[in-house]
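S.K.: my questions are about this predicted structure, shown below with the sequence.
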Amino acid sequence: MDRLSFQSTTAQSSTLAGEDTASSTRAARFENAVASASRRAMQYEHQMKDFEASNVVKRLLPSLIFVQSKLAEDLSNSRAIDTILREVVQGLQHTQRRSAAALSSTVPYVAHALQDDLAALQELGAQLPEIGRQVRHIREVYDRGRDKAKDLEESLEWLNTPVPLRLRTIIFTPNAPVSPRWKALIRFLFALVFSICMWIAWITLRGAVRAHRQRLVWGEGLMS
């Protein structure tokens, strides 16, 4: 894309140079036409002076006053037009010099700037893969730190939990943050204690039923 933009800029500068050459050619032609018109006006002025100096003008003076006035008016108009045309030619020449200066200074500067930008873009394009790898590494480190912080928070919450609640969580839920070995050991101990308690309760209940059947009093039975 940068090469295409540089080529398009070069083509535009070439087009501007061609347009400047064409405008300079048209200005030269226009200047030649103005000079020719000025020469013709001067010739007409000399011819009018010579015509006034001749005897024919003296004889035909009454009939040529109107023509002379019209010619004088046209001559003044032509002089005014000549002045305007000269100003236009000067403006065109000034514009031509400015465009030539722009072509000789601005276009090379723009081309050099585009080359520098293209080199900078190529350098950035070469550095993009490394930057992408660094970004991915930073993201992985951030994710690991976030997971560690979450685990640490859960561990602190677990340590601040009362012991009965921790035991209940370990025994009856699978969400306790302890190792499977500890879970198995605590559940085994709970099952063993529960079995012993149930066995003692069963023996006690069986003795009470037996004493009730034999009509024994608890005090006498204990003393006997």
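M.R.: Ah, there it is.

S.K.: other SSEs contacting whichever helix in the chain runs longest?
M.R.: Taking DSSP state H as the criterion, the chain has its longest helix at helix 61-159. The contact analysis (3 or more C-beta pairs under 8 Å, 6 or more residues apart in numbering; DSSP states H and E) places helix 61-159 against helix 2-53. Any C-beta I mention is one placed from the backbone N, CA and C, and that applies to glycine too.

S.K.: so where's the protein shaky on pLDDT?
M.R.: For the chain, the stretches flagged by pLDDT under 70 are 1-28, 30, 34, 41, 44-45, 47-65, 67-68, 215-224.

S.K.: and if we set it to 80?
M.R.: Residues of the chain meeting the criterion pLDDT under 80: 1-72, 74-75, 102-103, 105, 107, 175-177, 211-224.

S.K.: quick check, central residue of it?
M.R.: Using C-alpha atoms, centre = their mean, the residue of the chain that lies closest to the mean C-alpha position is Leu121, 14.2 Å off.

S.K.: look up how far Pro129 lies from it.
M.R.: Distance, Leu121 to Pro129, using C-beta to C-beta, to the nearest Å: 15 Å.

S.K.: what do you get for Trp182?
M.R.: 47 Å.

S.K.: and what of Ala72?
M.R.: Counting by C-beta to C-beta - Ala72 and Pro129 are separated by 85 Å.

S.K.: show me which of these two is the more surrounded one.
M.R.: Using other C-beta atoms under 10 Å, the more surrounded residue of Ala72 and Pro129 is Ala72, with 12 against 9.

S.K.: Ile196 versus the more buried one, what's the distance?
M.R.: The separation that Ala72 has from Ile196, given C-beta to C-beta, amounts to 143 Å.

S.K.: over to Gly132?
M.R.: 64 Å.

S.K.: just the buried positions in the one helix or strand Cys197 maps to, please.
M.R.: Assigned by DSSP states H and E, Cys197 belongs to helix 180-213. Buried residues in helix 180-213, counted by 16 or more other C-beta atoms under 10 Å: Ile186.

S.K.: likewise for stretch 105-125?
M.R.: 107, 114.

S.K.: repeat that for stretch 85-101.
M.R.: Of the residues in stretch 85-101, 85, 89, 92, 96, 99 count as buried by neighbour count, 16+ other C-beta under 10 Å.

S.K.: let's have the residues you listed in JSON lines, adding distance to Pro174.
M.R.: Below are the buried residues of stretch 85-101 laid out as JSON lines (distance: C-beta to C-beta, whole Å):
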{"residue": "Leu85", "distance to Pro174": "102"}
{"residue": "Val89", "distance to Pro174": "98"}
{"residue": "Leu92", "distance to Pro174": "93"}
{"residue": "Gln96", "distance to Pro174": "90"}
{"residue": "Ser99", "distance to Pro174": "84"}
